[in-house]
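1. just need the structure, nothing else, for what follows:
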Amino acid sequence: MAFNPLEHRGVPLDRQTRNWRELNVEPIDPDHCDPYTRCRIITMNGIEVEAIMFSHQMARHCQDPAVTRRLAQVRYMEAQQQKVVNWLLPGVSSVLETTIAYEQVAVDLTAWVARMEPDPYLQQAYQFGVLEDFDHLYRYANLYEMIEHRKAESVVDQLTEVMPGRPTALHHRDPLDNVRDPYDRTTAHPLSKLHALTIMSAEQQTMNFYMNTGPTYMEPIARQLYQEIGLIEEEHVTHYESLVDPGETWWEQLVNHEYNECYLYHSFMEQERDPKVKAIWELHLNMELEHLRIACDLMRQHDGREPSEILAPELPNVLTFEPNKGYLRELIADQLDLTTLGAGYVREAHERFEQMQRALNGEERPPSDRVISTHQQDFGREYRMETDGEHPVASLRER
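-> Numbering: from 1, shown residues only. Okay, the predicted model is just below:
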């Protein structure tokens, strides 16, 4: 049944504060949970962190103390939500296990968005990026077996394949070639705005996670791999954030953020199989309905527009975590050799790309290549999990 969040009242803001006992939620069991439950948790943490940081930035640019106080009230509730969501992750999981789960999110979330995106240019941006996250999963999976002597299927199950994507060494581009053209806020499909905000938020939290956890390792190859992929995540955040029309007003952006949170909590509530986690999604949805109502009132008061002018009249079909193996194999076969040039895509290594490669790598092999060769030396093979047959690109099949 269609759900329009603009027609529903949520939990009043003055009843949303939770005490320590309520915030101290029971974490999921990493050995028995649905991997996509973990993916939903990681996704919503990224969404909540983005909502908090956006609200802080808006407050720093706002001269109306009544607005900054209202933002602070809502932001505190978002901060409580973020703590609950992220604290669902189990403390017994290692950083590398969480990293592999982050990459599973990047792969299956971005692949689903690419499949559903109505704008061809935006769709291409997601298709391009997902092949890089797919390769990151493969590199981290090899590091995981090297350091912890465990296999990535213990994290991703059989839901997401682990094999080479676009080689990580080829992800290092001149910053000028990471900026895309934005959608037009006046003509873009409302779903396109939700997609862009969702993927930007997910990649942003991955960038933050890697640049903060990478130096916690003692093993040199681990420190180096996190450093390399962390730099690529910065490129990805640039890639995705540039898709958002910078002409959107602060009020428009605020409403989009709150609407997107309603969309995702509703989506995850609809598909969640863990009853305790499902209850959290439902509670947070009812909180976000009130946050959206407040944002809409602020937009009417300060922007002079009705939120219904920019929002979908009802929530789209639920965003779904599901296997995307066939779709990803098609992309690997068709688009593996793409790189970017300006705001477009080309198949040839151009001068600016080659200059960046020389400046960064010099005569050295990057850590992403060395982690595979070291794994081959240690185990006599590389780690892969190819559930649907051999690699679609002959040159990347394991020898």
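
2. for the stretch 1-150 of the chain, which spans come out with low pLDDT?
-> Residues of the stretch 1-150 of the chain that meet the criterion pLDDT under 70 lie in 1.

3. all helices of it, in order?
-> Applying DSSP state H, counting those that start in this stretch to the stretch 1-150 of the chain gives helices spanning 20-23, 35-60, 65-86, 95-116, 120-148.

4. let me have those in TSV, extended by distance to residue 278.
-> All C-beta atoms are positioned from the backbone trio N, CA, C, and that covers glycine. Below are the helices of the stretch 1-150 of the chain laid out as TSV (distance: least, Cβ to Cβ, whole Å):
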stretch	distance to residue 278
helix 20-23	16
helix 35-60	9
helix 65-86	13
helix 95-116	19
helix 120-148	27
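
5. secondary structure element holding the residue nearest the centre of the chain?
-> Most central in the chain under Cα atoms, centre = their mean is residue 202, positioned 2.1 Å from the mean C-alpha point. Using DSSP states H and E, residue 202 sits in helix 190-213.

6. ok, now residue 227?
-> Element membership of residue 227, judged by DSSP H and E, is helix 220-241.

7. who are the packing partners of that helix?
-> Applying 3 or more Cβ pairs under 8 Å, 6 or more residues apart in numbering; DSSP states H and E, we find helix 220-241 packed against helix 120-148, helix 190-213, helix 367-379.

8. backbone dihedrals for the residue nearest to residue 93 when sequence neighbours are not counted, please?
-> Once flanking residues are discounted, residue 93 sits nearest to residue 30: 5.1 Å by Cβ to Cβ, 6 or more residues apart in numbering. Dihedral pair for residue 30: phi -70, psi -20, per degrees, to the nearest 10.

9. likewise residue 29?
-> Taking degrees, to the nearest 10 as the convention, residue 29 sits at phi -90, psi 110.

10. which residues does it contact?
-> Neighbour list for residue 29: residue 90 [criterion: Cβ atoms under 8 Å, 6 or more residues apart in numbering].

11. please tell me how far it sits from residue 273.
-> Using Cβ to Cβ, to the nearest Å, one obtains 13 Å as the distance from residue 29 to residue 273.

12. and what of residue 240?
-> Applying Cβ to Cβ to residue 240 and residue 273 gives a distance of 29 Å.

13. could you do residue 381 as well?
-> Taking Cβ to Cβ, one finds residue 381 at 35 Å from residue 273.

14. check residue 78 too.
-> Here residue 78 is placed at a distance of 26 Å from residue 273 (Cβ to Cβ).

15. for those two, indicate the residue with more neighbours.
-> A side-by-side neighbour count of residue 78 and residue 273, using other Cβ atoms under 10 Å, places residue 78 first with 27 against 10.

16. surely the more buried one meets residue 52?
-> Yes. At 5.1 Å, residue 78 counts as touching residue 52 under the criterion of Cβ atoms under 8 Å.

17. circling back to that earlier point, what's the closest of the helices and strands packed on helix 220-241 to residue 308?
-> helix 190-213 (10.5 Å; Cβ to Cβ).

18. buried stuff in that closest one?
-> Buried residues in helix 190-213, counting neighbours by 16 or more other Cβ atoms under 10 Å, are found at 190-210.

19. for residue 222, which residues are in contact?
-> 96, 143, 147, 214.

20. switch the cut-off to 7 Å
-> 143, 147 (Cβ atoms under 7 Å, 6 or more residues apart in numbering).

21. same question for residue 163.
-> So residue 163 contacts 138, 384, 386, 391 (Cβ under 7 Å, 6+ apart).

22. please apply the same query to residue 110.
-> Residue 110 makes contact with 126, 129, 130, 133, 199, according to Cβ under 7 Å, 6+ apart.

23. one step back: how close does the residue nearest to the residue nearest to the centre of the chain when sequence neighbours are not counted sit to residue 88?
-> With sequence-adjacent residues excluded and distances taken as Cβ to Cβ, 6+ apart, residue 202 is closest to residue 46, at 4.6 Å. For residue 46, the distance to residue 88 equals 14 Å [Cβ to Cβ].

24. which one's more surrounded, those two?
-> Set residue 46 next to residue 88 and count neighbours by other Cβ under 10 Å: residue 46 wins out with 27 against 23.

25. and that one, how far from residue 112?
-> Taken as Cβ to Cβ, the span from residue 46 to residue 112 is 15 Å.

26. distance of the residue lying closest to residue 369 once chain neighbours are set aside relative to residue 133?
-> Spatial nearest neighbour of residue 369, chain neighbours left out: residue 169 (5.7 Å); criterion: Cβ to Cβ, 6+ apart. Applying Cβ to Cβ, the value for residue 169 to residue 133 is 15 Å.

27. also residue 100?
-> 12 Å.

28. residue 118 now?
-> 22 Å.

29. more neighbours: those two, which one.
-> More crowded of residue 118 and residue 133, by other Cβ under 10 Å: residue 133, with 29 against 12.

30. that one reaches residue 102, doesn't it?
-> No. Between residue 133 and residue 102 no contact is recorded; they are 9.1 Å apart, counting by Cβ atoms under 7 Å.

31. identify the residues contacting residue 30.
-> Going by Cβ under 7 Å, 6+ apart, the list of residues near residue 30 reads 90, 92, 93.

32. for ChimeraX, write the select line for the buried members of those.
-> The buried residues among the contacts of residue 30 can be selected in ChimeraX (16+ other Cβ under 10 Å) with this line:
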select :90,93
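
33. from the contacts of residue 30, pick the one nearest residue 298.
-> Nearest to residue 298 among the contacts of residue 30, with distances taken as Cβ to Cβ, is residue 90, at 37.8 Å.

34. what's the burial count for the residue lying closest to that closest one once chain neighbours are set aside?
-> In this structure, residue 90 finds its nearest non-sequential neighbour in residue 27, 4.2 Å apart by Cβ to Cβ, 6+ apart. Using other Cβ under 10 Å, the number of residues around residue 27 comes to 17.

35. where does residue 218 fall, phi/psi-wise?
-> phi -90, psi -30.

36. so who does it touch?
-> With the criterion set at Cβ under 7 Å, 6+ apart, residue 218 makes contact with nothing.

37. from residue 147, how far off is it?
-> Taking Cβ to Cβ, one finds residue 218 at 10 Å from residue 147.

38. now do residue 383
-> 12 Å.

39. kind regards, and thank you for your time.
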